[in-house]
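1. Fold the following, please.
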Amino acid sequence: MALGLREECKKSLIQELIENLEHVLVDNNVHLNFNSMRNLKNLDARLPQTGTIHTKLINYIGENPLYTFIYETINREVDEKGVYDSKSKRIPLNSLPDYSNLRGVAERLINEFANLPLEYVISFELPTSIGKQLCQGINHVYKMDDTHRLITVDEGYIKEFPLTSGIKGRDSNLFGSYWIIDNIGGSKNRQWNKETLCMQFDVKGFIGRYTSTTPILEVIAALKAFLGFSIALNFIEVENIRFVRPRVKHLIVHHRLNEKWEIWDTHKLPMDLAEVLDLIKIKDMKGQDPSAGDKETSIGWLSLAGLIFRFATDKAKRLYLACQWLCDSYSGDNELLSLVQTMAAIEVMLGVGEYDDISLGALLRNRCAYLIGKTQEERELILKEFRKIYQVRSKILHRGQSKLNKGESIMFFKLQNYCSRIILEELKLVCQDMKSGKKS
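-> Residues are numbered from 1 along each chain as shown. Take a look at the predicted model:
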């Protein structure tokens, strides 16, 4: 369903866009000059700043939606059709044949913007270290909810979701690396990995190449939630080693063209998340080879993970967000940041209500102790340890503590354990709500 912009608004935007496009420049035949585009940000002030249309645009694109849409669309078009020339002078956009008629260009862009959202499928190949086992738990497709699913890679899948478009300017930019030297000569031919699962997301909105718009950010959040949840429930673990150069991981974006899915773009995952994905492995619970897999475990894993996507209560939403924070706490080697992220996960789940900073610590340690402590002695121990951990958190945030000592590092690992146990208990409450039909 289109945005519903009024015709008067569209006419005003078209006229102002024409005036701004006259000043836009192109570098080396293929890149818009960023500084020459800055005045286009003023266009967003002409859009509704509250109400349904505003909310839609934030959900479809994010801040500065019209500027982002125009910048991304023109930049992609120029890049895909042009040939890089290091000696080329800076030239006006309207000197290019496709942009000589600025009124036609402006009308097209505003009409395309007004007809948002576009529909995409975003795919992510799970690491073989976990995807190979999860394959045992599904029969081709496992639906997490209406828009999230896990799917096995077979010949039908490979045909339906091609990894090249036939557009040279686009295909050369797919599957780039974090590292400049790796990108010399363009990206290599990529094939789907048949030994793992793909996590797929149906999204609506607008996805560009140079900016992470809302749909991309939401998919990254969903991926973190899945990983954090899997860590908390002891299905996977993160090895305590670090790579100097983590292997690049991509979100693969397809959009529908003439009733077929065409590859639209790829987005590199944040480097710290890619590092976590390199370090995860199936948890060895039975003293056996984890790679051998367990179909029952896989089915249980997927069934539980689906709850945080499928069950839209306040508890489930807090659980979803907490799992993202927990995943973040395993990325990088900054223990100070990781401790704060773990505490944030706990606060999301247990810190409901109004409080000041002092009462928050007391609230969290009491709720934590009585939620996960099984005996009075264990609760007393948790109360004591949590107080110490919270003091470390306060020193980091309020006094600028620069590192953790050995004892504080041990407390940090205890905090991650507490967080995982809290997530498990909160999951039980979500399941109870589901059975009773509660809405919050």
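
2. quick one: low-confidence ranges for the chain?
-> Low-confidence segments of the chain, defined by pLDDT under 70: 1, 179-188, 242-245, 284-293, 312, 354-358, 437-440.

3. So which bits of the top helix by length along it are buried?
-> For the chain, the helix with the greatest residue count under DSSP state H is helix 406-436. Within helix 406-436, the residues scored as buried using 16 or more other C-beta atoms under 10 Å are 408, 411-412, 415-416, 418-424, 426-427, 429-430, 433. Yep, even glycine has a C-beta here, placed from its N, CA and C like the rest.

4. Give the helix, strand or coil label for residue 175.
-> Classification of residue 175 by DSSP: H, G, I helix; E, B strand; the rest coil places it in coil.

5. my guess is it meets residue 251, correct?
-> No. Using C-beta atoms under 8 Å, residue 175 is not in contact with residue 251, being 11.1 Å away.

6. Between the two, which contacts overlap?
-> Shared contacts of residue 175 and residue 251, defined by C-beta atoms under 8 Å, 6 or more residues apart in numbering, are found at residue 266.

7. Neighbour count for those two, which is higher?
-> Taking neighbours as other C-beta atoms under 10 Å, residue 175 and residue 251 compare with residue 251 leading, 22 against 18.

8. Validate this expectation: that one resides in a strand.
-> Yes. Applying three-state DSSP, one finds residue 251 inside a strand.

9. How much space separates it from residue 213?
-> Distance of residue 251 to residue 213, given as C-beta to C-beta, to the nearest Å: 12 Å.

10. With residue 363 instead?
-> 37 Å.

11. Report the contact partners of the residue nearest to residue 30 when sequence neighbours are not counted.
-> Nearest residue to residue 30, sequence neighbours excluded (C-beta to C-beta, 6 or more residues apart in numbering): residue 82, at 4.1 Å. Under the criterion of C-beta under 8 Å, 6+ apart, the neighbours of residue 82 are 26, 29, 30, 96, 169.

12. still on that earlier bit, the longest helix of the chain - contacts with which helices or strands?
-> For helix 406-436, the packing partners by 3 or more C-beta pairs under 8 Å, 6 or more residues apart in numbering; DSSP states H and E come out as helix 214-232, helix 295-310, helix 314-329, helix 335-350, helix 357-372, helix 376-399.

13. export these to a markdown table and tack on mean neighbour count and distance to residue 136?
-> Below are those laid out as a markdown table (neighbours: other C-beta atoms under 10 Å; distance: least, C-beta to C-beta, whole Å):
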| stretch | mean neighbour count | distance to residue 136 |
| --- | --- | --- |
| helix 214-232 | 22 | 15 |
| helix 295-310 | 17 | 4 |
| helix 314-329 | 23 | 23 |
| helix 335-350 | 22 | 30 |
| helix 357-372 | 17 | 31 |
| helix 376-399 | 15 | 36 |
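
14. Just send those helices back as JSON lines, with distance to residue 277 too.
-> Listed next are the helices and strands packed on helix 406-436 as JSON lines, based on distance: least, C-beta to C-beta, whole Å:
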{"stretch": "helix 214-232", "distance to residue 277": "8"}
{"stretch": "helix 295-310", "distance to residue 277": "16"}
{"stretch": "helix 314-329", "distance to residue 277": "10"}
{"stretch": "helix 335-350", "distance to residue 277": "17"}
{"stretch": "helix 357-372", "distance to residue 277": "28"}
{"stretch": "helix 376-399", "distance to residue 277": "27"}
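
15. for those helices, which one sits closest to residue 55?
-> Smallest distance to residue 55 across these (C-beta to C-beta): 11.3 Å, for helix 214-232.

16. Give me the residues contacting the helix or strand just after that closest one.
-> Next along the chain after helix 214-232, taking DSSP states H and E as the criterion, comes strand 236-238. Contacting residues not belonging to strand 236-238 are listed as 130, 227, 230, 231, 276, 279, 280, 281, 282, 283, 330 [C-beta under 8 Å, 6+ apart].

17. 7 Å instead, please
-> Contact partners of strand 236-238, identified using C-beta atoms under 7 Å, 6 or more residues apart in numbering, comprise 130, 230, 231, 276, 279, 280, 281, 282, 283, 330.

18. Out of these, which end up buried?
-> 130, 230, 231, 276, 279, 280, 282, 283, 330.

19. Going by distance to residue 219, which of these wins?
-> residue 276 (15.8 Å).

20. Spatially nearest residue to the closest one, not counting backbone neighbours?
-> Of all residues not flanking residue 276 in the chain, residue 331 sits nearest, at 4.9 Å (C-beta to C-beta, 6+ apart).

21. helix, strand or coil for the one you found?
-> The assignment at residue 331 comes out as coil when based on three-state DSSP.

22. Now do residue 105: how many residues are near it, please.
-> When neighbours are counted by other C-beta under 10 Å, residue 105 comes out with 22.

23. Please tell me I have it right and it contacts residue 99.
-> Yes. Assessed by C-beta atoms under 7 Å, residue 105 is found in contact with residue 99 at 5.5 Å.

24. is it possible to export the buried ones among the contacts of strand 236-238 to TSV including distance to residue 348?
-> Shown next, in TSV, are the buried ones among the contacts of strand 236-238 (distance: C-beta to C-beta, whole Å):
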residue	distance to residue 348
130	25
230	18
231	16
276	19
279	24
280	22
282	27
283	24
330	16
